[in-house]
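Peer 1: Pasting a predicted model and its sequence here:
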Amino acid sequence: MLATIPASVLAGITGHRVSVEVHVSVGLPTFTVVGLPDTACREARDRVRAALVSSGVQWPPGRITVNLAPSGIRKEGAGLDLAIAIGVLVADDQMPLQAVADMAFLAELGLDGRLRAVPGVLPQVRCLRTAAVVVAPDSAAEAALAKGPVVRAPVTLGELISVLKGEGPWPDPPPGIAANPVDESADLADVKGQHMARLGLEVAAAGGHHLLMIGPPGAGKTMLARRLPGLLPALDESTAIEATMVHSAAGLDLPSSGLIRRAPWQAPHHSASMVALVGGGSRGLRPGSISCAHGGVLFLDEMGEFAPQVLDALRQPLEEGVIRVNRASAMASFPARFLLVGAMNPCPCGALGQPGMCRCTPLARLRYARRLSGPLLDRFDLRIHVGRPEVGDLFDAPPGESSAVVRARVARVREIARDRGVSSNSELRDDALDEFAPLSPEAKGLFSSAIADGRLTARGFQRVRRMALTLADLARSAPPLSEDVVAQALFMRTEPVTVAQDPWGCANASR
């Protein structure tokens, strides 16, 4: 007999419907899986057999053939285990076909019959067209976010079989849990001194501007960066769904509510490969760190130690907010709209600018500075030199503003940006700047001098203009952009001075 059971598989972060066709016939006992399965999928024969036997079900003694249609899509992972098991029971007449009508199945099976969660449940459930879907209990909250099929979550295969045969009711779904609250463990009030760096964090959060911090070891660059997600507002519904789909497809832990509401944080090690950063892979296309940071912060500590070709791969997603991964056999698009924060030392030894302390040769300094290409450096709106805090700031300075206070100002500026039709000022189109960020004659003069001196490119001009608009919004200043606001924006985007003695211009940078 033949049975067809609806299911789905994951490709990138997109779900694809799959029909699990199971045929049981008389013949030598065999179990064959066809339809472009990967190794984990082919191994389902052993998991399914053990799970059915452990659940007290008789294993069919004949020939079993499983076809995963359509055959043109590669099937990866163990998410089809449950659909195969149900298909075997229906095809062997151990369960009526009407019992599983208009129902999909999506879970891995343990050898004891327990239902286990699989990555990418949310996008897989979103693509289904059935009235109900059966998933593992640990996937129930995530599957419910799809707001589509009714979610059923039995604990074991035996329990599921009893329900489908009418021997008991469906188990109650796991209780819903409130959304994850704001993490106040990393508060901006803990930062001593660093007034310019604190302002840079606020401007970056309010306007969505990318930030590069350069300074000696121990100055507090990482400490500052870790407090940036706490300044960002909660994700809107669309971004939250996208971020959750990416994290689910990547196999990362989700909050107890199932939906990611707070800005994600990703901090890959400087030894990360290009595939780990941008996504892809040889067997299956998976999202990388930049997609896992969608809606939040991507922090690259020791940025000068990353491979230059890996850093240059960030240029396109920084502009478009999406990364397209193309391979010979597949292609996928991942959302990648994130706030990039980089931190690096001014030189390999980190002591540049401290008299008599730097041990680097002029050639080593230049080589280190050139690890960031000009086009990538041009995409950083804010370039803050973070010096070591003064002794007085460490012991006697009053505590600074807390993250909650700064977050309120950031939320107000973000609300102004939404009234302009974007989520942040950094997303404003060039033609919209003439409407929302007109320049005063004095401001035009400052820009003209910076462009004529070669300190600004055409792209840099528009980026500084957007940053000046963010500064004006924070100061509640009405258009046109004043000379003071533009001067402050230009100062916060200090161009590195490319000379052998001081490639970043740190020696004379003000703290």
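Peer 2: Looks like it came in fine.
Peer 1: which SSE is residue 241 in?
Peer 2: helix 237-250 (DSSP states H and E).
Peer 1: Same question for residue 404.
Peer 2: Going by DSSP H and E, residue 404 is in helix 403-419.
Peer 1: Looking at that helix now, give me its mean pLDDT.
Peer 2: Averaged over helix 403-419, pLDDT sits at 95.
Peer 1: From residue 346, how far off is residue 217?
Peer 2: With distances taken as C-beta to C-beta, to the nearest Å, residue 217 is found 10 Å from residue 346. (Glycine included, C-beta is placed from N, CA and C.)
Peer 1: And the two? Which one has more around it.
Peer 2: residue 346 (30 against 12; other C-beta atoms under 10 Å).
Peer 1: Look up the pLDDT of the more buried one for me, please.
Peer 2: 87.
Peer 1: is it true that it touches residue 216?
Peer 2: Yes: at 6.8 Å, residue 346 and residue 216 qualify as touching, with contact defined as C-beta atoms under 8 Å.
Peer 1: For those two, list the residues in contact with both.
Peer 2: Contact criterion C-beta atoms under 8 Å, 6 or more residues apart in numbering; residues shared by residue 346 and residue 216: 352, 353.
Peer 1: Do a quick rundown of the strands in the stretch 1-150 of the chain.
Peer 2: 2-11, 14-25, 30-34, 63-69, 103-106, 108-109, 115-116, 132-135, 150-152 (DSSP state E, counting those that start in this stretch).
Peer 1: Kindly apply the preceding question to the stretch 351-500 of the chain instead.
Peer 2: Using DSSP E, counting those that start in this stretch, strands in the stretch 351-500 of the chain cover 382-385.
Peer 1: Low-confidence stretches in it?
Peer 2: Where the stretch 351-500 of the chain drops to pLDDT under 70, the residues are 494-500.
Peer 1: what are the ranges of the helices in it?
Peer 2: 362-369, 374-377, 391-395, 403-419, 430-436, 441-452, 458-474, 483-491 (DSSP state H, counting those that start in this stretch).
Peer 1: who's in contact with residue 240?
Peer 2: 234, 259, 260, 261, 295.
Peer 1: Take the residues you listed and lay them out in TSV including distance to residue 473, pLDDT and neighbour count.
Peer 2: Formatted as TSV, these follow (distance: C-beta to C-beta, whole Å; pLDDT from 0 to 100; neighbours: other C-beta atoms under 10 Å):
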residue	distance to residue 473	pLDDT	neighbour count
234	19	92	15
259	29	88	20
260	27	92	27
261	24	91	20
295	21	95	25
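Peer 1: what's the most distant pair in these?
Peer 2: For the contacts of residue 240, the maximum inter-member distance is 11.8 Å, found between 259 and 295 (C-beta to C-beta).
Peer 1: how many neighbours does residue 359 have?
Peer 2: 12.
Peer 1: ok, it to residue 329 distance?
Peer 2: 50 Å.
Peer 1: and what of residue 436?
Peer 2: 45 Å.
Peer 1: So for those two, which sits in the more crowded spot?
Peer 2: residue 436 (21 against 8).
Peer 1: What is the neighbour count of the residue found closest to the more buried one once you drop the neighbours it is linked to in the chain?
Peer 2: Spatial nearest neighbour of residue 436, excluding adjacent residues (C-beta to C-beta, 6 or more residues apart in numbering): residue 420 at 5.7 Å. Here the number of neighbours of residue 420 (other C-beta under 10 Å) works out to 16.
Peer 1: Counting neighbours, what do you get for the residue nearest to residue 229 when sequence neighbours are not counted?
Peer 2: Take residue 229 and drop its neighbours on the chain: the residue closest to it by C-beta to C-beta, 6+ apart is residue 263, 4.5 Å away. By other C-beta under 10 Å, 24 other residues sit near residue 263.
Peer 1: do the same with residue 375
Peer 2: Residue 375: 12 neighbours (other C-beta under 10 Å).
Peer 1: Would you mind giving the domain segments of the chain?
Peer 2: 2-164, 191-424 (automatic domain parsing).
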